[in-house]
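>>> just to be clear, the model below is a prediction. Sequence and coordinates:
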Amino acid sequence: MIRSLHISNYALISQINIDFSEGLNIITGETGAGKSIILGALGLLLGGRADLRAVRDSGAKSIIEATFAIDGHGTIERLLREADLDMLPGECILRRELSPGGRSRAFINDTPVGLATLRDVAMRLVDIHSQHQNLLISDPAYQLRIIDSLAGNDALLEDYRAAYAAYRKALKAYTDTRESIRRSQSDAEYLQFQYDRLVELNLKAGEQESLERERDILGNITEIKERVAAVSEPLSGRSGCALALLSEAASACETLASGVGEAAGDSEDEAHGAGLRALAERLQSARIELRDIADSLQAFDNSLQADPGRLEEVEERLSELYSLEMKHHVESSEALIELRDRLGEQLKDLNDSENVLSELETKARRAKKEAMLLAQKLSDLRAATAESFAEMLKTRAMPLGMPNLRCEVALTKDKLGPDGADRIEFLFAFNKNQALTPVGGTASGGEISRLMLCIKSIVAEKMELPSIIFDEVDTGVSGDIAQRMAEMMSQIGRKIQVITITHLPGVAAHGHRHFKVYKEDDESATHTYIRALSEAERAPELALMLSGSATDPAAIANAKALLKKAKA
């Protein structure tokens, strides 16, 4: 249950703290006092969308925090453990913060969490029923959620959805492959022609680059030979060339070294002779290296032979390559090789397409069968739950001014979908000899309010939900019916915590604890506050709701009678 609620800097609320009790908690207040603001703040704790316009002071953040008692609620503790969240002894704290800059943050036990995690935990702690939710009673998806909640189908539904997703994936693989094969088979001859042409070309990696170099040489052989000659002539092609001069220098250095050596008379002269001999050897080495360079140039020059026939062959080969590259929108022979290999794989797959398609079809059929088995289990559980739910709903609703009520939950088979293979519809008849019809077309606003109160009470008890909040669920009813609805909420409050926002004094009188929401103005702004009423303050508050005056003697007497009757 909700132990306490703190709201600060939110809409008209500067700061309020509310300590709720067990049983039936009543919240009353004049229209516009701010009851819906409190409800909106609670909605944020349930993962609702944040409206940053609700931040009261743009210089500070809004904070909504609630402390829940979770003793005996193993599901909550399991969820916290699975989310790797800190455990607090017997309680769980949810907090939502809205910053002026537009950022929204959520916390569970002071640990930051995503909105999905906050929502998963909060929906198992409290349920808020507001007036607009009355429209949900005619929504098939909402009706199905009710039956699944009562049937305890969470784990089975999760298994089914996984199986259904696997089936859809397998079916898509089969249909996509079938369509691909159909398209490919219609183009099979063309694919084979393309593949054969690429195979015939006998492509080799790097071939295009090599051919382009050879073409450049063959097409410019005269110019290239001239350039080679320009390099080799200074080296060895004439008298006074580099090789001749280097040879002379080497010989002279050797002669010099020999002369110094013969005249050597001391150690210094011997060192000079050794140094000159080393230089002569280096000159000889340089001459040999230069000779090798000259020979290489000559060999290269000799290899350069004009060959018009070869040039024609190279250009024809390149023309073939360029033509296919343009046709297939690629830029190299390597890309053509990749295309050839890919076409080969496609043709291979086509040749084996029947086997591939058969295997995929078998997988899809197997996946569908598994999904259908789980869907049938869901259907069986839903059918059993629907029958008992209809009976419980009738039993609870009949005393609320609907003595002739008949209800039925119609389940019909449908194709497989995300939630199973069932189509659901709640059917009601409110009068004798009236045919069962969908609730949206026959029920009045008051009847829908009473039905929703009964549905919520059944769901809350079956799911062992710690708290439930009713926002003016008594709208459209009055008198004896309102009294009976109040008694039902009080009875629900003996099992779980109930918080009810009401305008009816007969309902408010049944509260185990009564809170009043009110507004006050100061010099600069309007503020919303809430406070718990003492027993002595309850009668004047009910009198105010009855007559508009908290001091009217007749209203006070009526209020006291309502309180006495509620206690009885």
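Yes, it's here.
>>> next structured bit after the biggest helix by length in the chain?
Secondary structure assigned by DSSP state H gives helix 353-397 as the longest helix of the chain. With elements assigned by DSSP states H and E, the helix or strand that comes after helix 353-397 is strand 406-417.
>>> in its sheet, which strands sit next to that following strand, and in what direction?
Strand pairing for strand 406-417, determined by DSSP bridges: strand 420-429 (antiparallel).
>>> average pLDDT across the longest helix of the chain?
For helix 353-397, the mean pLDDT works out to 92.
>>> counting by contacts, list what that helix packs against.
Judged by 3 or more C-beta pairs under 8 Å, 6 or more residues apart in numbering; DSSP states H and E, the packing partners of helix 353-397 are helix 140-151, helix 154-186, strand 406-417, strand 420-429, helix 445-462. For every residue, glycine as well, the C-beta is placed using N, CA and C.
>>> remind me what the last one packs against, helices and strands.
It refers to helix 445-462. By 3+ C-beta pairs under 8 Å, 6+ apart, helix 445-462 packs against strand 126-129, helix 140-151, helix 353-397, strand 467-471, helix 479-492.
>>> quick one, the longest helix of the chain and helix 154-186 angle?
150 degrees (axes from the mean of the first three to the mean of the last three C-alpha atoms, to 10 degrees).
>>> residue 40: neighbour count?
Neighbours of residue 40 under the rule other C-beta atoms under 10 Å: 19.
>>> please tell me I have it right and residue 199 contacts residue 340.
Yes - with contacts counted by C-beta atoms under 8 Å, residue 199 reaches residue 340, the gap being 6.6 Å.
>>> please verify my assumption that residue 505 contacts residue 559.
Yes - at 6.7 Å, residue 505 counts as touching residue 559 under the criterion of C-beta under 8 Å.
>>> neighbour count winner among these two?
The neighbour comparison of residue 505 against residue 559 (other C-beta under 10 Å) goes to residue 559, with 25 against 22.
>>> can you report how many residues lie near the residue nearest to that one when sequence neighbours are not counted?
Once flanking residues are discounted, residue 559 sits nearest to residue 542: 3.5 Å by C-beta to C-beta, 6 or more residues apart in numbering. Residues contacting residue 542 under the criterion other C-beta under 10 Å number 27.
>>> please name the nearest non-neighbouring residue to residue 121.
The shortest distance from residue 121 to any non-neighbouring residue, by C-beta to C-beta, 6+ apart, is to residue 79 (5.5 Å).
>>> mind checking pLDDT for the one you found?
82.
>>> residues contacting the one helix or strand it maps to, please?
Following DSSP H and E, one finds residue 79 within helix 74-82. Helix 74-82 is contacted from outside by 68, 70, 86, 87, 92, 108, 109, 120, 121, 124, 125, using C-beta atoms under 8 Å, 6 or more residues apart in numbering.
>>> change it to 6 Å
Contact with helix 74-82 is made by 70, 87, 121, 124, as judged by C-beta atoms under 6 Å, 6 or more residues apart in numbering.
>>> still on that earlier bit, from the contact counts, what lies against the helix or strand harbouring the residue nearest to residue 559?
When elements are assigned from DSSP H and E, residue 542 belongs to helix 535-547. Contact here means 3 or more C-beta pairs under 6 Å, 6 or more residues apart in numbering; DSSP states H and E; on that basis helix 535-547 packs against helix 505-508, helix 553-567.
>>> and those, which is most packed in?
helix 505-508 (a mean of 26; mean count of other C-beta atoms under 10 Å).
>>> tell me which residues of stretch 207-215 are tucked away?
Residues of stretch 207-215 classed as buried: 207, 208, 211, 214, 215 (neighbour count, 16 or more other C-beta atoms under 10 Å).
>>> redo the residues you listed as a markdown table? Include secondary structure and distance to residue 525.
Output for these, formatted as a markdown table (DSSP: H, G, I helix; E, B strand; the rest coil; distance: C-beta to C-beta, whole Å):
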| residue | secondary structure | distance to residue 525 |
| --- | --- | --- |
| 207 | helix | 83 |
| 208 | helix | 80 |
| 211 | helix | 85 |
| 214 | helix | 89 |
| 215 | helix | 87 |
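>>> now name the helix or strand holding the spatially most central residue of the chain.
Closest residue to the average C-alpha location of the chain: residue 116 at 10.1 Å, with C-alpha atoms, centre = their mean. With elements taken from DSSP H and E, the one containing residue 116 is helix 115-122.
>>> just residue 289 next, same as before
Counting by DSSP H and E, residue 289 is part of helix 267-303.
>>> got the domain ranges for the chain?
For the chain, automatic domain parsing gives the domain ranges 1-125+506-532, 189-350.
>>> give me the distance from the longest one to the chain's centre.
On the basis of C-alpha atoms, centre = their mean, to the nearest Å, the separation between the geometric centre of domain 189-350 and that of its chain is 60 Å.
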